[in-house]
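Student: can you look at this prediction? I've put the sequence above it.
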Amino acid sequence: KVWYVIDDRKSGRVHRFTPSAYHFIRLMDGQRTVDRIWKEATGLMGSAAPGQEEVIQLLGQLHANDLLRGDIVPDSAELFVRFEKQTASLWLANLKNPLSIRLPLWDPDAFLKATLPWVRPVFGWAGFIAWLALVSVGIVLAASHWGELTENMTDQILAAENLAIIWLAFPFIKALHEMGHAYAARALGGEVHEMGIMLLALMAVPYVDASCSAGFRDKWQRALVGSAGMMVELAVAAIAMVLWVQVEPGSFRALLYNVMLIASISTLIFNGNPLLRYDGYYILSDLIEIPNLGFRANQHWKRLAERHLFGVRDPDPQDASLGERCWYVFYAPAALAYRFLV
């Protein structure tokens with residue numbers, strides 16, 4: 001299914017529209033009236049053109065998201081009320097999920113733009129080959145020292161002094177992870193205007209809003225932004241593995257062991273898992289081109305239950321293809337089962 005995306009860089013939001021809605025929007029040139037636009041759209045698209053109710057809903061959506069411009073005096077009171085609602089919604093989102101509270105602190109875009117020339121070579125083929133070689137060396141070393149790495153692994157991880165090392169190292173590793181997302185988005189032409197701290201289960205973890213990548217035309221570019229953080233972590237894990245082999249037992253070696261653990265196993269199990277709402281989920285959604293995969297899958301199962309248990313015969317509002325329905329049928333129960341297991 002084709003979607004058209006409007007990237008509002010002033011607000012940092014991305015809006016997705018159907019082809020009929022987009023073609024209607026394209027006719028809004030500031031000269032035509034709404035009635036004329038609707039008639040022209042009907043003449044161009046026929047039955048695919050939006051109806052009058054859909055046009056009213058579309059105009060309301062555009063106005064609510066500050067995407068309309070006209071020769072009218074701005075309503076300051078309305079703008080203030082809208083700002084208050086946006087602020088309240090952010091706080092409400094934090095209250096609904098108190099174990100994952102976001103605190104925006106900094107607009108990093110100017111810093112990313114200034115330092116991008118130093119980082120840009122990493123995003124070429126030479127950078128990818130160097131990354132692949134480094135990670136391959138780390139994997140080979142890990143395989144050759146597997147017995148030593150896994151000996152009394154559970155006892156090592158759960159030791160009090162080791163948990164303290166993990167608690168201290170985790171935020172720094174995740175900061176590198178988030179900068180990977182930020183630089184990837186900036187290298188591909190996006191803008192990153194929000195960076196802050198997320199209080200994740202009482203641990204301060206950096207985060208970056210790289211949602212600008214949703215406006216990229218190429219799904220592989222969107223997937224690269226989503227995977228950049230994990231690629232950075234795997235490189236860090238490989239470097240830690242190389243150093244771990246070289247140093248003698250002690251505090252520094254223990255730190256390297258934990259860095260390897262966090263940046264490899266942890267990031268692959270959690271960030272790389274598409275059944276959780278982390279990087280792997282968004283990468284999968286981009287590659288199969290089904291936005292909001294989890295929500296759509298849950299809605300599909302809800303309609304199946306309503307149809308077969310209660311006899312509801314309403315048409316599918318998503319108008320999903322056979323391939324999309326197959327993903328919905330598989331994804332929702334798999335994600336639910338995984339959450340119960342974890």
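Tutor: Received it, and whenever you're ready, just let me know what you need. Numbering: from 1, shown residues only.

Student: centre of the chain to stretch 31-45, how far?
Tutor: Here the centre of stretch 31-45 is set off from its chain's centre by 36 Å, with C-alpha atoms, centre = their mean, to the nearest Å.

Student: need the contact partners of whatever helix or strand Trp327 lives in.
Tutor: Counting by DSSP states H and E, the element that carries Trp327 is helix 322-341. Where contact means C-beta atoms under 8 Å, 6 or more residues apart in numbering, the residues beyond helix 322-341 that reach it are 1, 273, 275-276, 288, 290, 293-294, 296-298, 300-301, 318, 320. Every C-beta, even on glycine, is put in place using the N, C-alpha and C of the backbone.

Student: how about that helix: buried residues?
Tutor: Glu324, Arg325, Trp327, Tyr328, Tyr331, Ala332, Ala335 (16 or more other C-beta atoms under 10 Å).

Student: these into a markdown table, with extra columns for pLDDT and distance to Leu255?
Tutor: Below are the buried residues of helix 322-341 laid out as a markdown table (pLDDT from 0 to 100; distance: C-beta to C-beta, whole Å):
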| residue | pLDDT | distance to Leu255 |
| --- | --- | --- |
| Glu324 | 87 | 46 |
| Arg325 | 89 | 49 |
| Trp327 | 93 | 42 |
| Tyr328 | 93 | 44 |
| Tyr331 | 95 | 38 |
| Ala332 | 94 | 41 |
| Ala335 | 92 | 35 |
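
Student: which of the contacts of helix 322-341 scores worst on pLDDT?
Tutor: The pLDDT minimum for those sits at Gln318, where the score is 60.

Student: now the helix holding Trp327 - C-alpha only, CSV.
Tutor: This file holds the C-alpha atoms of helix 322-341, laid out as CSV (Å, rounded to 0.1, in the frame of the first residue of the first chain):
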residue,chain,number,x,y,z
LEU,A,322,-3.1,-10.9,2.0
GLY,A,323,0.6,-10.4,2.9
GLU,A,324,-0.3,-7.8,5.6
ARG,A,325,-2.9,-10.1,7.1
CYS,A,326,-0.4,-12.9,7.3
TRP,A,327,2.0,-10.7,9.3
TYR,A,328,-0.9,-9.6,11.6
VAL,A,329,-1.9,-13.2,12.3
PHE,A,330,1.7,-14.2,13.2
TYR,A,331,2.9,-11.1,14.9
ALA,A,332,0.3,-10.4,17.6
PRO,A,333,0.3,-13.8,19.3
ALA,A,334,4.1,-14.2,19.0
ALA,A,335,4.7,-10.8,20.6
LEU,A,336,2.2,-11.6,23.4
ALA,A,337,3.7,-15.0,24.1
TYR,A,338,7.2,-13.5,24.2
ARG,A,339,6.2,-10.8,26.7
PHE,A,340,4.7,-13.5,29.0
LEU,A,341,7.9,-15.6,28.7
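
Student: returning to that earlier point: quick check, nearest of the buried residues of helix 322-341 to Leu261?
Tutor: Distance to Leu261, by C-beta to C-beta, is smallest for Ala335 among the buried residues of helix 322-341, at 25.2 Å.

Student: burial count for Ala237?
Tutor: 28 (other C-beta atoms under 10 Å).

Student: wouldn't it be in contact with Val259 here?
Tutor: Yes - Ala237 lies in contact with Val259 (C-beta atoms under 8 Å); the separation is 6.8 Å.

Student: all strands of the stretch 1-150 of the chain, in order?
Tutor: 4-8, 13-17, 100-106 (DSSP state E, counting those that start in this stretch).

Student: partners of the second one in the sheet?
Tutor: Think strand 13-17. strand 4-8 (antiparallel) (DSSP bridges).

Student: give me the contact list for the partner strand.
Tutor: With C-beta under 8 Å, 6+ apart as the criterion, strand 4-8 contacts 14-19, 21-22, 25, 65-67, 212, 214-215.

Student: secondary structure class for the residue lying closest to Ile283 once chain neighbours are set aside?
Tutor: Leaving aside its sequence neighbours, Ile283 sits nearest to Gly226 (C-beta to C-beta, 6 or more residues apart in numbering; 4.3 Å). Of the three states, Gly226 takes helix under DSSP: H, G, I helix; E, B strand; the rest coil.

Student: okay, now the unreliable bits of the protein?
Tutor: Within the chain, the stretches with pLDDT under 70 are 1, 12, 72-100, 201-202, 314-319, 342.

Student: name the residue most distant from the centre of it?
Tutor: Glu248 (39.8 Å; C-alpha atoms, centre = their mean).

Student: domain map for this structure?
Tutor: 4-64, 99-287, 293-341 (automatic domain parsing).

Student: could you dump those into CSV with distance to Asp71 added?
Tutor: Putting the domains of the chain into CSV (distance: least, C-beta to C-beta, whole Å) gives the following:
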stretch, distance to Asp71
domain 4-64, 8
domain 99-287, 28
domain 293-341, 36
